[in-house]
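Novice: Whatever this is, show me its structure:
(2 chains)
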Protein chains: 2
Amino acid sequence: MDLLDDTVPGIGTYEDFNTIDWVREKSKDRDRHREITNKSKQSTVALLFSISDAFSGWLLMLFIGLMSGALAGGIDIAAHWMTDLKEGVCLNGFWFNHEHCCWASNETTFQERDKCPQWKSWAELMVGVSEGPGLYVLNYFMYMCWALLFAFLTVILVRAFAPYACGSGIPEIKTILSGFIIRGYLGKWTLIIKTITLVLAVSSGLSLGKEGPLVHVACCCANILCHFFTKYRRNEAKRREVLSAASAVGVSVAFGAPIGGVLFSLEEVSYYFPLKTLWRSFFAALVAAFTLRSINPFGNSRLVLFYVEFHTPWHLLELIPFVLLGIFGGLWGNTCLGHYPVLEVVVVTLLTAFLAFPIEYTRMSSSELISELFNDCGLLDSSKLCGYTSNSGSASGSVNATAANGLGARLAGPDLYTAMWQLALALLLKMIFTVVTFGMKVPSGLFIPSMAVGAIAGRLLGVCMEQLAIRHHEGDIFRGWCSPGADCITPGLYAMVGAAACLGGVTRMTVSLVVIMFELTGGLEYIVPLMAAAMTSKWVADALGRESIYEAHIRLNGYPFLEAKEEFRHKTLATDVMRPRRGDPLLSVLTESGMTVEEVERLITDTTYSGFPVVISQQSPRLVGFVLRRDLVISLENARRNQEGVVSMSPILFTECDPPMSPSAPPAVKLHSILDLSPFTVTVHTPMEIVVDIFRKLGLRQCLVIQNGRLLGIITKKDILKHMAQMANRDPDSILFN
Amino acid sequence: MDLLDDTVPGIGTYEDFNTIDWVREKSKDRDRHREITNKSKQSTVALLFSISDAFSGWLLMLFIGLMSGALAGGIDIAAHWMTDLKEGVCLNGFWFNHEHCCWASNETTFQERDKCPQWKSWAELMVGVSEGPGLYVLNYFMYMCWALLFAFLTVILVRAFAPYACGSGIPEIKTILSGFIIRGYLGKWTLIIKTITLVLAVSSGLSLGKEGPLVHVACCCANILCHFFTKYRRNEAKRREVLSAASAVGVSVAFGAPIGGVLFSLEEVSYYFPLKTLWRSFFAALVAAFTLRSINPFGNSRLVLFYVEFHTPWHLLELIPFVLLGIFGGLWGNTCLGHYPVLEVVVVTLLTAFLAFPIEYTRMSSSELISELFNDCGLLDSSKLCGYTSNSGSASGSVNATAANGLGARLAGPDLYTAMWQLALALLLKMIFTVVTFGMKVPSGLFIPSMAVGAIAGRLLGVCMEQLAIRHHEGDIFRGWCSPGADCITPGLYAMVGAAACLGGVTRMTVSLVVIMFELTGGLEYIVPLMAAAMTSKWVADALGRESIYEAHIRLNGYPFLEAKEEFRHKTLATDVMRPRRGDPLLSVLTESGMTVEEVERLITDTTYSGFPVVISQQSPRLVGFVLRRDLVISLENARRNQEGVVSMSPILFTECDPPMSPSAPPAVKLHSILDLSPFTVTVHTPMEIVVDIFRKLGLRQCLVIQNGRLLGIITKKDILKHMAQMANRDPDSILFN
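Specialist: Residues are numbered from 1 along each chain as shown, chains lettered A, B, ... in the order given. The predicted structure is shown next:
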């Protein structure tokens, strides 16, 4: 009876909230591969199967890219439409958003096109006139009603159908990728509900973004698609390779940055990332990006709303304000984020909508705000942010672009002053909204709100710098910065650097952050400002508290996640960590022969350990192997049910060959096949830094501790995590300078 | 007497051509770090030292970036000048190259500017007239003389001063990064000689590139700069992190692609690449790129000669020719490269120069050729490759750009036909030159020659496709491709795709290749063609032979390199690989007490093993620890020299506490401190796939094999490599579909 056959279902699977054994999973995959390869030499069908098996990974990637790209496009379009729905409706068809509605309009300037006759605000529609004192109040009220409705629906749907759909999902995905099992976290219900509620939550105007949750959506797609491929359905390690690629896909569609996405997955999310996955992730990320682009949700043939192209060079001295923005970002990453876990969603939505409506910059969606802040002012730009003296004429209707040549052209006009005050207020509100919103039980990402906060701060600083430079362009510092007809300083670049800094402070991304931003700007010359800001932001944030928002979330939820980035630097030995400790009862072991079914069953019910070492005998505790609790339970149940004559007194044998037994004895239960004959061992003298390294790199669940050939104890992943937490509490400074 | 003190020099270092122990090196670094952190709490000076130590990595990266960028700039300028020197000299100053010389010229068109009066060909200078029948022959002769001189100097310098300077150095760097020691390979002599001879070799017109060797140059810089930082000078593992970053720097300056460089280092070269290194590599790569740009060696404020910007979209059907180029690239990667290891350099140079001079495309330097092939034809372009009917007028002097509107404008003119024939000939010659040149004992890279081969093939195919499309623009396939006034097809893009395919075929790069090419074009839309070609090329090349040129080189040289990319898929166990085999003499072990100095010394002279397990006693071979031969030799010599009373009969003790001894006995030599108490062990049943994984991921040198607590054997890295080679020979098919 070969228990490794499919005949005993459940052997080799894991329970919910358990850690997988990477080594075993990878072995299983290699066995499977070997078998297919051997068979492929026997017949053409098997050869074809073997080839299709080899290419199934690529096919899977293609599907993930297509599905995620399509979903992301759908989410973009729906969110755009519903955000506009809060303000009004299109008479040509309710399914048009504001921009689409007015495309057919004959008006020429942007401002007038915004007010095309087909688009009616709710007040206009209800009252019937287009001017009047009550209209503003009515629109305000409708805006709040819609926001409330969306938020309410979001909460109801999440609570009722998929509690796992809340949050960004990135911390959980990180944990899952490190080898943890959370059943249903990447299931079809989570996918459906998360997609719908994400649109609702974003449209409700809450200070949250869809970028983080898109990673979760892509991972759900990947997990569901995995079910169609045996190679990935059955193997937890292989499935995690696919999920790593899917998180790259998520970022790729969120920011239109395939390379940045792959690096994000590598740097931030993944645990085991072989080079093969790198290449496949890249492929999937590209497919997704092109799918999204062919859907063209923003009508600008770009993947994101806030793509920019700058051309003005920056000056070396500007690094000072950039570093300042980095410090701001680092501080932002360490503020009270996450300290208000659950506030009632409806109350927050009401407050957000109430406070956000009056100010233009908080009323518009965060992506639009970022897009406007990143934008460098052209001559005909009608935005208030471009309310320079030369443009202020055009803002009030009459274009005098010809006067735009002198330096005075970039002096701040009254519109810009208004915009600055509004921005300052918006900064304050956004910060409060974001802090309060984060942790609510709705699908929410921190990427965009953080970027918005940073972009506002950056733009404010940028405009200040610009005005300084223009007013003192004869001074020592700014001499030569401004030449007539060209911009001295690009405030949009400051907004971008600020956005990068805040995002970096929250997530502690470095390379991937810079690459994502590089893909947004497309210019190599702005990498240095971005890098300066990202670096400062990370250093400041790390100095204040070493955890990123994801790690904090993981720790709060108590997931067994072994951080791969930080080195364990304490001088403890395996003997200090292993169990049993001094004075504890002895280690629970099985012997390779001589135990009965009853004894083993009692051991199983008396203990909660997820596995037991098998030794030669209790007197001579020399290690033979290791057996997992779940496999043992399933095998015993199976033997009791299916094997004839098995009673409580039947002996259990882990040996390969049978010892002599009297013919009257009950038949033995042979469990050699579920025994792991090559458990990992360390000696009592092994420094914990090496043990931690082994656990991380090989993805172990447990490790046995040996001295001179005798089994002395066991170290599990949880023991290590507990020990690391203890050491970090005891000596918090020691990891500061690393 | 603590032997881990600095008092015994040599303990903990490695001999030439040995493998380092990653675990030990990393432990050493952690110890050092712990010590500094502990001290930092005691005084302000120590705190400052601790901070400076923490930032020394960044400082080192900055220096590496600056130094490599400056060297790359110098090499570019010098190679450009010396390449032109083969044809003539500038009268304004011999140190000007052709382009610089003619910058001041008043001529307006490009063609005429090329023939400015300040620049004299050697024949003109010697004969004194600028027209005449003998001039061509004289120039031909001078060209060959210079080429010979440069090649001769290269060979002499390399042979006399730095034999390690030959080749691209990438295979050796890969080996070094995997933990091998090759003394002097990254030393100052190698750096100096490689820099000089690289310029000479490139200028000699041999079919080789400077891009690969730039990686070696950057690594030499890094290694030399490491000597100024204790943290990196003393630790082989830390130094390798720096070298990984340096190889990113090398590619960054070679292709002007910092992100591509980092990915190249990650994908192709590095062995141990923690995330911290990723971020630092990126920083160093950027610093180097900006240093190079501020030197501006090409006068176009670009980092490379062949930067391009395409704008024409491509059609889905064009993927077919792109895939064809991929197949060509894969075939090229598997041709006879490396089969002619050493041919006399002078003969090859003579032949190359003789055959290359008459054809324009072989005479110019490879980078210039690539630059011209990538170029999309503008209306006024005077290159023969742009000899379309509309342009052919301008080529012969009279500009009729107005006639360029119809489709006929892109029909091939006579110039283009000539260019095509010449290109086809150049393709053949380049291929032969490259194959013959590769393996010569001069600094040489394969990147640029491979790219040139691919670019020629691509351009040829591109022009054919273009002419097809124009002639059949009413046909079913090409309908709608060509609109009047716009290009149907970009032959430059084909050249680029071909270059990527050939480079990919030779090196088997994937992600880094596409990213490097993306950084050269700056357009996301061309990623798909590049990816299609890179993927096809890799698949074709892998199907024909699984090794990249670097791996082939490593195997030919017999370096102990454990490839991290391929999985070991054979079903063997540790017991099949461990030594001693059945029938061999017993494993040479030391006992923890009871051996004398003489016995140990005899064991050392009788065997060549680089380490010995220490067991409790010969009768009870239970493992206590492992001791390295080098440490043992040094300690014994030291004891003989410095410890009083040590004679041949002195006992050797590996135990921590002393056993009782008679007072008349000679004093014991205590070697507990050099004993590694936590050697890695596996059981006899451990599958080799897991053993290989452990060796790769933890960077082991050796591993002991245990059964039920008894030491049975040892597996070293070389045993594993030998076993892998055996298995691959026995069953070559099994790794095909992976």
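
Novice: contacts, neighbours, all on C-alpha from now
Specialist: Fine.

Novice: Tell me how many other residues surround A:R602.
Specialist: Residues near A:R602, counting by other Cα atoms under 10 Å in any protein chain shown, number 11.

Novice: Kindly report the same for A:D31.
Specialist: Based on other Cα under 10 Å, the number of other residues close to A:D31 is 15.

Novice: hmm, the helix or strand containing it in reach of chain B?
Specialist: Under the criterion of DSSP states H and E, A:D31 resides in helix A:22-40. Yes - looking at helix A:22-40 against chain B by Cα under 8 Å from any Cα of the partner chain, the contacts come from A:V23, A:S27, A:R30, A:R34, A:T37, A:N38.

Novice: Flag the shaky bits of chain A, pLDDT-wise.
Specialist: A:1-9, A:104-114, A:300-301, A:336-343, A:378-382, A:390-409, A:483-487, A:522-523, A:731-738 (pLDDT under 70).

Novice: burial count for the residue of the stretch 101-250 of chain A found nearest chain B?
Specialist: Residue of the stretch 101-250 of chain A nearest chain B, by Cα to the nearest Cα: A:K231 (12.6 Å). By the measure other Cα under 10 Å, the count of residues near A:K231 is 19.

Novice: Helix or strand: which one has it?
Specialist: Counting by DSSP H and E, A:K231 is found in helix A:230-233.

Novice: Could you list the buried residues of that helix?
Specialist: By 16 or more other Cα atoms under 10 Å in any protein chain shown, the buried positions in helix A:230-233 come out as A:K231, A:Y232.

Novice: Output the contacting helices and strands for it.
Specialist: helix A:236-255 (3 or more Cα pairs under 8 Å, 6 or more residues apart in numbering or on different chains; DSSP states H and E).

Novice: May I have the next helix or strand after the helix it packs on as PDB, with CA atoms only?
Specialist: Using DSSP H and E, the next helix or strand after helix A:236-255 towards the C-terminus is helix A:258-264. Provided in PDB are the C-alpha atoms of helix A:258-264 (Å, rounded to 0.1, in the frame of the first residue of the first chain):
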ATOM      1  CA  PRO A 258       5.800  46.700 -16.100                       C
ATOM      2  CA  ILE A 259       9.400  46.800 -15.100                       C
ATOM      3  CA  GLY A 260       8.600  48.600 -11.900                       C
ATOM      4  CA  GLY A 261       6.000  46.000 -11.200                       C
ATOM      5  CA  VAL A 262       8.500  43.200 -11.600                       C
ATOM      6  CA  LEU A 263      10.900  44.900  -9.300                       C
ATOM      7  CA  PHE A 264       8.100  45.700  -6.800                       C
END
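
Novice: which other residues reach helix A:258-264?
Specialist: A:245, A:247-252, A:278, A:281-282, A:285-286, A:289, A:509, A:511-513, A:515-516, A:519, B:515 (Cα atoms under 8 Å, 6 or more residues apart in numbering or on different chains).

Novice: same thing with stretch A:618-625?
Specialist: By Cα under 8 Å, 6+ apart, stretch A:618-625 touches A:589, A:591-592, A:613-616, A:675-679, A:709-711, B:708-709.

Novice: now stretch A:593-606
Specialist: Contacts for stretch A:593-606 (Cα under 8 Å, 6+ apart): A:588, A:590, A:616-617, A:629, A:633, A:636, A:647-655, A:669.

Novice: can we see that at 6 Å?
Specialist: Stretch A:593-606 is contacted by residues A:S648, A:M649, A:S650, A:P651, A:I652, A:L653 when judged by Cα atoms under 6 Å, 6 or more residues apart in numbering or on different chains.

Novice: Also within reach of chain B: list those from those.
Specialist: Residues of the contacts of stretch A:593-606 in contact with chain B (Cα under 6 Å from any Cα of the partner chain): none.

Novice: Adding secondary structure, write those out as a markdown table.
Specialist: Below are the contacts of stretch A:593-606 laid out as a markdown table (DSSP: H, G, I helix; E, B strand; the rest coil):
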| residue | secondary structure |
| --- | --- |
| A:S648 | coil |
| A:M649 | coil |
| A:S650 | coil |
| A:P651 | strand |
| A:I652 | strand |
| A:L653 | strand |
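
Novice: Tell me the buried residues within those.
Specialist: A:S650, A:P651, A:I652, A:L653.

Novice: pretty sure A:M688 contacts A:D576?
Specialist: No - using Cα atoms under 6 Å, A:M688 makes no contact with A:D576, being 8.6 Å away.

Novice: Of these two, which one has the most company?
Specialist: Taking other Cα under 10 Å, A:M688 and A:D576 do not tie; A:M688 has more neighbours (23 against 14).

Novice: Show the contacting residues for that one.
Specialist: Neighbouring residues of A:M688 by Cα under 6 Å, 6+ apart: A:T572, A:L573, A:A574.

Novice: returning to that earlier point: I'd like the distance from the following helix or strand past the helix holding A:D31 to the chain centre, please.
Specialist: Per DSSP H and E, the first helix or strand lying C-terminal to helix A:22-40 is helix A:44-85. Remark: helix A:44-85 is offset 19 Å from the chain centroid, using Cα atoms, centre = their mean, to the nearest Å.

Novice: Helix A:44-85 versus helix A:22-40: what angle between them?
Specialist: 130 degrees (axes from the mean of the first three to the mean of the last three Cα atoms, to 10 degrees).

Novice: which residues of the stretch 401-550 of chain A fall in strands?
Specialist: Applying DSSP state E, counting those that start in this stretch to the stretch 401-550 of chain A gives no strands.

Novice: And the residue of it closest to chain B?
Specialist: A:V511 (5.7 Å).

Novice: likewise chain A?
Specialist: A:G709 (3.7 Å).

Novice: That residue and B:G709 touch, don't they?
Specialist: Yes - using Cα under 6 Å, A:G709 is in contact with B:G709, at 3.7 Å.
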